[in-house]
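1. Can you look at this prediction? I've put the sequence above it.
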Amino acid sequence: MLSLPRSTVTRAIKDLESHLGAALIQRTTRQFSLTEAGMLYLERVRQIVLEIQEAETDVSKDTTSPEGIVHVNTTPSIASHLLVHALSDFHDQFPKVKVRISTTDRLVDAVGGGFDCVIRTGEPEDSTSIVARKLGEFRWILCGSPQYLEKFGSPLTQEDLSEHCFVGYSGSGPHQLSSQRLSRSWLILDETEGYIAAGLNGFGLIYAADFLLSDHLKKGRLCPLHLEGYTTETSLYLIHGRSNFLPPALRVFRDWVKESPLST
């Protein structure tokens, strides 16, 4: 692959192992594999190469055809239901920009977390160190599966909810706050897809964003419960650190997201 003699590559690896004082590759007569030290070293130097590439992109003056990597953090549900579906349009417009998506339902530091930007629901905390762009709004809906409601009945008032089981959620967001307000949660999850799956299986009532529930509601797998205080709206934001200069890849991604189908 390097268009070099194997002996040259072998010597370079042995010199590197001698310099590090550690074996990087386990060799046999038929194959070789990385040692634990080799895997650790490879992962670290890959990150260094990426950082060098990003540094070169940051100082590039070529803004007509931006290059580089934009590292986005969001929730698994936003990534799979909203962001990934729209990314083909971004790639068509900016083919030289790579998008790296990390997902977690936990809140992350938009400035010190190692990400270029974060996409999250809910009002961001007021801070002089971040910039928050509103992308749209979603409704949060309280609902239950037909089998659950047939077995336990549909709550008609907020007082009725004390007699019902609510699927617990230990992550962040409105459904976590509702889990605190409603008791009798025998099942607690920290991931949204599993949380919704628990509601679909009749383990209790759930509270989630409409873009996650729309297909289930249309097909009757979940039934909405229109109780006061439990059909609320929340906003979707793109958040990044405040800076006088944004890397070209982040700038074009931020502007694209604001006008993309992700914005509602």
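-> Cool, the structure landed.

2. Could you pull up the residues touching Thr157?
-> In this structure, Thr157 makes contact with Leu227, judged by CB atoms under 8 Å, 6 or more residues apart in numbering. In short, each C-beta sits where N, CA and C put it, glycine included.

3. Ramachandran angles for it?
-> Phi and psi for Thr157, reported as degrees, to the nearest 10, are phi -130, psi 170.

4. name the helices or strands packed onto the lengthiest helix in the chain?
-> Counting residues, the longest helix found in the chain (DSSP state H) is helix 36-58. When contacts are defined as 3 or more CB pairs under 8 Å, 6 or more residues apart in numbering; DSSP states H and E, helix 36-58 packs onto strand 68-74.

5. Give me the next element, helix or strand, following the strand it packs on.
-> helix 76-78 (DSSP states H and E).

6. From what I see, Gly204 and Cys165 are in contact.
-> Yes. Taking CB atoms under 8 Å as the definition, Gly204 is a contact partner of Cys165 at 3.9 Å.

7. Output the longest helix of the chain as PDB, nothing but the C-alphas.
-> This file holds the C-alpha atoms of helix 36-58, laid out as PDB (Å, rounded to 0.1, in the frame of the first residue of the first chain):
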ATOM      1  CA  GLU A  36      -2.400  -4.000  23.500                       C
ATOM      2  CA  ALA A  37       0.400  -1.400  23.400                       C
ATOM      3  CA  GLY A  38       0.100  -1.300  19.600                       C
ATOM      4  CA  MET A  39      -3.600  -0.700  19.700                       C
ATOM      5  CA  LEU A  40      -3.200   2.100  22.200                       C
ATOM      6  CA  TYR A  41      -0.400   3.800  20.300                       C
ATOM      7  CA  LEU A  42      -2.300   3.500  17.000                       C
ATOM      8  CA  GLU A  43      -5.500   5.100  18.400                       C
ATOM      9  CA  ARG A  44      -3.500   8.000  20.000                       C
ATOM     10  CA  VAL A  45      -1.500   8.800  16.900                       C
ATOM     11  CA  ARG A  46      -4.600   8.600  14.700                       C
ATOM     12  CA  GLN A  47      -6.100  11.300  16.900                       C
ATOM     13  CA  ILE A  48      -2.900  13.400  16.600                       C
ATOM     14  CA  VAL A  49      -3.000  13.200  12.800                       C
ATOM     15  CA  LEU A  50      -6.700  14.300  12.800                       C
ATOM     16  CA  GLU A  51      -5.900  17.200  15.000                       C
ATOM     17  CA  ILE A  52      -3.100  18.300  12.700                       C
ATOM     18  CA  GLN A  53      -5.500  18.100   9.700                       C
ATOM     19  CA  GLU A  54      -8.100  20.100  11.600                       C
ATOM     20  CA  ALA A  55      -5.400  22.700  12.600                       C
ATOM     21  CA  GLU A  56      -4.400  23.100   8.900                       C
ATOM     22  CA  THR A  57      -8.000  23.500   8.000                       C
ATOM     23  CA  ASP A  58      -8.600  26.100  10.700                       C
END
